[in-house]
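Chemist: Model the structure of this input:
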Amino acid sequence: METVEFRAEGQDGQSMGSLRRNTRGVGRILLFFAFLVTIAYGIQLGVSAGLRKITTSKFGAINAWTSGNVNSEIIINGSSRALVHYDPRIIAGETGLTAYNLGMNGIQIDVQAGILDAYLARNKAPAVILQNLESFSLEATKPGEIYDPGAYLPYLSNNALYQTLHEIDPQVWKWRHIPLYGYAVPDMRFTWALGVMRWFGVQGPQDYFDGFNPRYEQWGQDFENFRKSLPNGVSYRIEAKGLASLERCLRLAQKKGAIMILIFAPEYVEMQRLERNRGEIFRHFRELAETYGAEFWDYSDSPLCSNRDFFYNSQHLNARGAELFSEDVARRLRWFLEARKVATAANVSQGSDGSE
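Modeler: Reported below is the predicted structural model:
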C-alpha cells in the first residue's frame, strides 16, 4: 500500500510540474506576441507621424486641413477635376477671400462628402463651398475600391472620415485597429516609405498650392482610343447612395450656414457627346440644387470645352486651361457675392456694409 501511494503521489507531482511548465510556456509565447504587437503599433505610429509631418505635395495639403490650420472662407471640394481645375490663389485674389482646395484624385462623391465633413470638424466653417461635379457624381464607391488607401491611414482618428470609409467597406476597421495592416495590405504604393523618409528630413517637392495641383501635360491619344472602344457611347449609373452623398454635402453646407455652389467644370465637348444619359444626370443636379437652395453653375458650354489645347485628357484641364477657368469662376463668384451683399475685399473697399 505504501508503494502504491508513493507512486500515486509521484505521478501527481509530475503532472503538476508539467502543467506549470506548460503554463509558463504559454505565458512566454503570449508575452512574445504582445511584444511583437507593441513593436508593430510603435512602427505604425511612427510612420503615420512621419506622414503627418510632411509639408509638401499631397500629404502637405492634407496635413494642413486635418490639423485645423486652413480655416478658409472659400472651400473647393471634389475629385481630381476639383484638384486640377480650381486655383485658390486666383479665386482669393479676385474675391479678397481666403480659399483652399480639398480635391483628391480618384474619389467618388461618398468619399468627397466624408472629406468635407472631416474638414468641417477641424476648421472654421467657410462662407462658400464650391462642390465640383462630374458625370459620374451619382455613383458611389464599391467595397474594396477605395482609391489610394494610404492617403487616409494617418488620419483615421478623424471620426467623420473613418465612419465614411467604414460605411463604404467594413474591412476598413482593420486599417485602424490591426497594427501595420493598412500599410502592408491595402496600400500598394508603399506610402509608409514616405513617412520613414520624413523622419530623416526627406520629402518631395512642392507641387500643391493651397491644395491645387496644376498639370502641365498636353493632349495625348488616350481619348481617341477610349472613343473607339465605345462606339455606342457610355452611360453612368445613378445610384441611391450617390444621390444621398451629394445631398450630404448640401446638408453640411446648410448646417454650417455656407453658400453651396455646385459647379460642373469644363469637360471636352466630344466627351460630352458620348454620355448617353447626361441629360438625366444633370436633371438630378438641378433638382438637388433647387431643393437645398444651392447654385448650379454649368460650364458645359464654356469655350474652353471645344479647345484641346486647354486639356490633357477629356476630363481634365491642363495648367493653362485651369488658369482661365479659375479666372472665370473667380469673377463670377465675386459678382455673385456682391449681389448677395456678402463682404469681399472689393465691395468693402467700395463702401458696401457687407451684410446679408
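Chemist: alpha carbons only for contacts and neighbour counts from here, please
Modeler: Fine.
Chemist: tell me the phi and psi of the residue lying closest to R276 once chain neighbours are set aside?
Modeler: Taking C-alpha to C-alpha, 6 or more residues apart in numbering as the measure, R276 lies nearest to S235, with 5.3 Å between them; neighbours along the chain are not counted. When quoted as degrees, to the nearest 10, the phi and psi of S235 stand at phi -120, psi 140.
Chemist: Please renumber the chain so that the first residue is 42 from this point on.
Modeler: Fine by me, first position is 42 from now on; the one you just mentioned is S276.
Chemist: Do you have the helices of the stretch 242-391 of the chain handy? List them.
Modeler: 263-270, 281-297, 310-315, 319-332, 360-380, 386-390 (DSSP state H, counting those that start in this stretch).
Chemist: tell me which strands and helices the fifth one is in contact with?
Modeler: Contact here means 3 or more C-alpha pairs under 8 Å, 6 or more residues apart in numbering; DSSP states H and E; on that basis helix 360-380 packs against helix 121-126, helix 129-136.
Chemist: circling back: can you count the residues close to the residue nearest to R317?
Modeler: Neighbourhood size, S276 [other C-alpha atoms under 10 Å]: 14.
Chemist: any idea how far P167 is from it?
Modeler: In this view, S276 and P167 are 35 Å apart by C-alpha to C-alpha, to the nearest Å.
Chemist: before we move on, what about Y353?
Modeler: For Y353 relative to P167 (C-alpha to C-alpha), the value is 31 Å.
Chemist: and what of V88?
Modeler: For V88 relative to P167 (C-alpha to C-alpha), the value is 32 Å.
Chemist: Tell me which of these two has more neighbours.
Modeler: V88 (25 against 21).
Chemist: Next one: F100 from Q153, what distance?
Modeler: Using C-alpha to C-alpha, F100 is found at 17 Å from Q153.
Chemist: Could you do T64 as well?
Modeler: 52 Å.
Chemist: can you give me the strands in this protein?
Modeler: For the chain, strands defined by DSSP state E occupy the ranges 115-118, 140-142, 169-174, 300-305, 336-339.
Chemist: May I see the buried residues of the second one?
Modeler: Which is strand 140-142. A140, Y141, N142 (16 or more other C-alpha atoms under 10 Å).
Chemist: Which residues are in contact with the first one?
Modeler: Counting by C-alpha atoms under 8 Å, 6 or more residues apart in numbering, A140 touches S113, E114, I115, I116, I117, P129, R130, I132, A133, D251.
Chemist: Pairing partners for the residue nearest to it when sequence neighbours are not counted in the sheet, please.
Modeler: Distances taken as C-alpha to C-alpha, 6+ apart put I115 closest to A140, at 4.5 Å, once the chain neighbours are dropped. Listed beta-bridge partners, I115: A140, V169 (assigned using DSSP bridges).
Chemist: ok, I115 to A154 distance?
Modeler: 16 Å.
Chemist: and what of P344?
Modeler: Distance of P344 to A154, computed by C-alpha to C-alpha: 30 Å.
Chemist: Likewise for G261?
Modeler: From G261 to A154 the distance is 32 Å (C-alpha to C-alpha).
Chemist: repeat for G185
Modeler: G185 is 18 Å from A154, by C-alpha to C-alpha.
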